[in-house]
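Chemist: Just to be clear, the model below is a prediction. Sequence and coordinates:
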Amino acid sequence: MHDAYEPVPLLEKLPLQIDCLTAWEDWLLVGTKPGHLLLYRIKKDTATNRFEVTLVKSNKNFSKKIQQLYVVSQYKILVSLLENNIHVHDLLTFQQITVVSKAKGATLFACDFQVCSGCALLRMCVAVKKKLQLYYWKDREFLELQADFAAPDFPKSMAWCGNSICVGFKRDYYLIRVSDNGTTCIQLLPYCTSDTKLAP
């Protein structure tokens, strides 16, 4: 059987419980249960296939509960889910830029960055209970893309794919298609369910 990935240990015996992490280029951001945010630089030694990991920066008072992290390196911002709300921090200083006040009670988010015809677009979908909220980034804050959309259940996972968002629920997956201008209604299409049987 082909092994697509080879596990290599990077951080061992870390004294803090890891709750979430994100990576970009040669960098790794780690969010821990006590609320410590750790930034590591990773360098690969091609001769030994080992990695040199260096702690570059840490913030011990980032938040009491870091649930999710996402880096937008093009804008040098860090989008995070902290204590069930969406926060945006400067990626270099970790200083807070803004908070999405309407997203209070959020349990999950997914971001999408695209460059089309020379224009950059950062979109975000946020799950708040059984509702999905859509935002776009402009003038250093997230603005509403359209009105909230009612989901059939509590979203457990989300990922953007072009102009669609794949949302996983407890028993189902749905593709939610967003219009190009983001102002018209969203179509909810059943993607697959736990009862779906794949042909051998």
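Modeler: It's in.
Chemist: If I look at Cys192, what pLDDT would I see?
Modeler: On pLDDT, Cys192 comes in at 57.
Chemist: Oops, could you answer that again for Pro200 instead?
Modeler: We have a pLDDT of 36 for Pro200.
Chemist: now Cys119
Modeler: For Cys119, pLDDT reads 86.
Chemist: now the one 5 residues further on
Modeler: With respect to pLDDT, Met124 scores 96.
Chemist: how much space between it and Gln68?
Modeler: Met124 is 12 Å from Gln68, where distance means CB to CB, to the nearest Å. Bear in mind the C-beta positions are built from the backbone N, C-alpha and C, glycine included.
Chemist: Tell me where the protein is predicted with low confidence.
Modeler: Applying pLDDT under 70 to the chain picks out residues 180-200.
Chemist: follow-up on the earlier one: Met124 and Gln68 - which one has more neighbours?
Modeler: Neighbours per residue (other CB atoms under 10 Å) separate Met124 from Gln68, with Met124 holding more: 24 against 19.
Chemist: related to what we said a few turns ago, between Met124 and Gln68, which contacts overlap?
Modeler: Residues touching both Met124 and Gln68 (CB atoms under 8 Å, 6 or more residues apart in numbering): Phe109.
Chemist: who's the closest residue to Gly31 other than its chain neighbours bridged to?
Modeler: Counting by CB to CB, 6 or more residues apart in numbering, the nearest residue to Gly31 once its immediate chain neighbours are dropped is Ile66, at 3.2 Å. Beta-bridge partners recorded for Ile66 (DSSP bridges): Leu82.
Chemist: Could you report the separation of Ile66 from Gly118?
Modeler: From Ile66 to Gly118 the distance is 35 Å (CB to CB).
Chemist: between those two, which one's more packed in?
Modeler: A direct count of neighbours by other CB under 10 Å for Ile66 and Gly118 places Ile66 higher, at 25 against 5.
Chemist: Return the residues in contact with that one.
Modeler: Taking CB under 8 Å, 6+ apart as the definition, contacts of Ile66 comprise Asp19, Cys20, Gly31, Thr32, Gly35, Leu37, Ser80, Leu81, Leu82.
Chemist: wait, which of the residues you listed is closest to Arg171?
Modeler: Closest to Arg171 out of the contacts of Ile66 is Leu81 (23.7 Å), distances taken as CB to CB.
Chemist: Any idea how many residues pack against the closest one?
Modeler: For Leu81, the neighbour count with other CB under 10 Å is 24.
Chemist: Let me see the contact set for it.
Modeler: Leu81 neighbours (CB under 8 Å, 6+ apart): Ile66, Gln67, Gln68, Leu69, His87, Ala106, Thr107, Leu108, Phe109.
Chemist: re earlier: tell me which entries of the contacts of Ile66 lie within strands.
Modeler: Counted as lying in strands by DSSP state E, out of these, are Asp19, Cys20, Gly31, Thr32, Leu37, Ser80, Leu81, Leu82.
Chemist: could you dump those residues to TSV with distance to Asp45?
Modeler: As requested, the ones in strands among the contacts of Ile66 are exported to TSV (distance: CB to CB, whole Å):
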residue	distance to Asp45
Asp19	29
Cys20	27
Gly31	27
Thr32	27
Leu37	27
Ser80	31
Leu81	34
Leu82	35
